[in-house]
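Enquirer: coords please:
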Amino acid sequence: PYKQVHLMDNLGLVNRLISGFSPSPVSVSAMGYQGGGKLLYDTYLRLSYKHANLMVIPYSRAYAKKIHALGINKDRIMNIPWGVKMPCENKNEQNQTNSDAASLVPSDKPLFLWAGYIQQIKKADFLYALDTAKKALQKGLGVSFYFAFKPESFEKSFKHFHQPEKGIFVAPTNVEQFSTLKDAADVFYSPVLNKKCIVAPPLTWIELLAKGTPILTTDVPGADEIVSDGYTGFAAKSTDALVEQMFKIKTNFSAMKHACISKAENNYNIDDIAKKYL
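Expert: Numbers count the residues shown, from 1 in each chain. Sure thing, here's the model as predicted:
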């Protein structure tokens with residue numbers, strides 16, 4: 001009784017099995033590329049996605065190009081990114097958010113929020129982001145950094161990184177707290193080390209963008225689809241550049257709000273994304 005089968009994740013060769021036996025068309029989500037040109041990884045993807053009854057849905061244009069380069073026909077590839085519900089402005093809710101955020105982190109400085117581990121963000125990325133934040137603070141950057149972890153991902157050894165007196169907050173964060181932090185954040189700080197990967201871009205980036213919050217990241221493939229330097233954030237090419245851009249974005253984040261919301265509205269609005277799936 002169904003018209004379409006959609007697989008929310010790559011099931012490998014099972015994709016081909018389902019595609020071969022299904023009387024209806026089959027599609028499969030393709031989130032982010034982690035291969036970096038590795039032969040075995042690329043071969044696995046090619047075998048997973050190459051079937052006449054299978055449509056591949058990459059979340060980024062960069063990944064769509066990569067999948068085509070692996071030998072999948074263009075007419076079997078359709079780029080549909082993550083989608084988010086666009087938030088409504090409410091001053092009373094915003095005042096409450098600021099009050100709630102003040103209990104988590106001082107509100108007298110701009111807030112740079114980091115989240116781990118979101119898609120494609122690993123422990124090495126956290127340690128790099130933390131080290132770079134310390135370098136910027138030592139150079140006189142007047143902001144607070146909040147490194148928010150899901151409780152199950154927070155390691156006991158991370159406790160000694162928590163140094164509020166120096167502007168660094170590292171803590172396990174529940175859903176309500178993270179929601180408050182997202183509303184209070186002035187910059188979403190999310191550098192990615194692996195420049196051979198292709199980012200989705202991650203859903204959390206889009207959620208923050210829709211709130212008018214610019215993204216500060218590194219120049220990994222796919223990042224340029226959401227980050228336009230100077231408008232919706234910055235994508236740094238080196239550690240020194242990342243520190244330099246922290247100072248720039250601290251001064252300009254308010255001016256970027258309209259461009260961020262407009263980018264989310266035009267490219268990641270859940271109403272438009274849902275129509276593409278349907």
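Enquirer: phi and psi next, for the residue most central in space within the chain.
Expert: The centroid of the chain falls nearest to P202 when counting by CA atoms, centre = their mean (2.5 Å). Dihedral pair for P202: phi -60, psi 150, per degrees, to the nearest 10.
Enquirer: residues contacting the closest residue to G167 other than its chain neighbours?
Expert: Of all residues not flanking G167 in the chain, S144 sits nearest, at 5.0 Å (CB to CB, 6 or more residues apart in numbering). The C-beta positions use only the backbone N, C-alpha and C, and glycine is treated the same way. Taking CB atoms under 8 Å, 6 or more residues apart in numbering, we find S144 in contact with V105, P106, K109, P110, L111, F112, G167, I168, F169.
Enquirer: of those - the most surrounded one?
Expert: Of all the contacts of S144, the highest neighbour tally under other CB atoms under 10 Å goes to F112, namely 26 neighbours.
Enquirer: pull the residues that contact whichever strand or helix holds that one.
Expert: For F112, the element it lies in under DSSP states H and E is strand 111-116. Strand 111-116 is contacted from outside by 101, 105, 121, 125-126, 129, 133, 143-150, 153, 178, 181-182, 184-190, 204, 208, 216, 246, using CB under 8 Å, 6+ apart.
Enquirer: now, which of the residues you listed lie within strands?
Expert: Among those, DSSP state E puts S144, F145, Y146, F147, A148, F149, V187, F188, Y189, L216 in strands.
Enquirer: any idea how far F154 is from the fifth one?
Expert: So the one you mean is A148. A148 sits at a distance of 9 Å from F154 (criterion: CB to CB, to the nearest Å).
Enquirer: need the overlap of contacts for those two.
Expert: Counting by CB under 8 Å, 6+ apart, the residues touching both A148 and F154 are A171.
Enquirer: which of those two has more neighbours?
Expert: Neighbours per residue, other CB under 10 Å: of A148 and F154, the larger number sits with A148, 21 against 17.
Enquirer: hang on, the earlier thing: closest to K85 out of the contacts of S144?
Expert: Nearest to K85 among the contacts of S144: L111, at 22.6 Å, using CB to CB.
Enquirer: identify the bridge partners of that closest one.
Expert: For L111, the beta-bridge partners are S144 (DSSP bridges).
Enquirer: gap between it and G212?
Expert: Per CB to CB, L111 is found 13 Å from G212.
Enquirer: count the neighbours of A274 for me.
Expert: Close neighbours of A274, defined as other CB under 10 Å, add up to 11.
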